[in-house]
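1. here is a sequence together with a model predicted from it:
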Amino acid sequence: MNKTITVQSIINAPIEKVWEMWTKPEHIVNWAFASDDWEAPEAENDVRTGGTFKTVMAAKDGSSKFDFGGTYTNVKEHELIEYDMNGEPKRHVKIVFTQTPEGVNIVQTFDPENENSEEMQRSGWQSILDNFKKYTESKS
């Protein structure tokens with residue numbers, strides 16, 4: 001599959017704060033889910049090239065839970081995070097952080113999976129990014 005999906009958002013905060021909120025487990029658990037009936041009860045993150053991460057995503061009613069994880073292939077502080085997700089086939093994610101006059105523009109591009117529609121995947125990843133924006137901007 002050659003097609004990638006892209007989501008993006010501008011976060012009204014300094015790049016240092018955006019990076020911290022994106023990478024620190026104590027913050028990840030507050031935004032890494034797509035809807036209010038889900039949560040991220042656990043997160044581990046070793047954000048360096050070759051490092052790994054894992055976020056547990058769970059339905060609040062206990063009906064479903066899964067680990068979202070992978071290995072970082074390229075990390076440049078305040079600029080770029082790339083990783084390969086765990087599982088087969090390997091799926092790649094690239095996140096670019098760019099400081100603009102309006103705030104930090106985050107552009108996230110990922111390889112889709114085959115189970116859900118492209119639109120459903122785009123919507124889910126955009127919802128998580130929107131949660132990140134809301135969480136980060138509320139922590140001024």
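-> Sure thing, it's come through.
2. determine the set of other helices and strands touching the helix ranked longest in the chain.
-> Ranked by residue count and defined by DSSP state H, the top helix of the chain is helix 118-138. Judged by 3 or more Cβ pairs under 8 Å, 6 or more residues apart in numbering; DSSP states H and E, the packing partners of helix 118-138 are strand 5-11, helix 15-23, strand 103-110. The C-beta positions use only the backbone N, C-alpha and C, and glycine is treated the same way.
3. grab the nearest non-local neighbour of Glu16.
-> With sequence-adjacent residues excluded and distances taken as Cβ to Cβ, 6 or more residues apart in numbering, Glu16 is closest to His78, at 7.0 Å.
4. list the contacts for the one you found?
-> Ile15, Glu16, Trp19, Phe97, Gln99 (Cβ atoms under 8 Å, 6 or more residues apart in numbering).
5. so how far is Val47 from it?
-> In this view, His78 and Val47 are 12 Å apart by Cβ to Cβ, to the nearest Å.
6. report the angle between the helix or strand containing Glu39 and helix 118-138.
-> Using DSSP states H and E, Glu39 falls within strand 38-45. Going by axes from the mean of the first three to the mean of the last three Cα atoms, to 10 degrees, strand 38-45 is angled at 70 degrees with respect to helix 118-138.
7. note down every partner strand of the next helix or strand after strand 38-45 and its orientation.
-> Downstream of strand 38-45, the first helix or strand assigned by DSSP H and E is strand 52-59. Using DSSP bridges, the strands paired with strand 52-59 are strand 38-45 (antiparallel), strand 65-76 (antiparallel).
8. out of those strands, deepest packed?
-> strand 38-45 (a mean of 17; mean count of other Cβ atoms under 10 Å).
9. and the angle for that strand with helix 15-23?
-> Using the same axes, to 10 degrees: strand 38-45 against helix 15-23 is 110 degrees.
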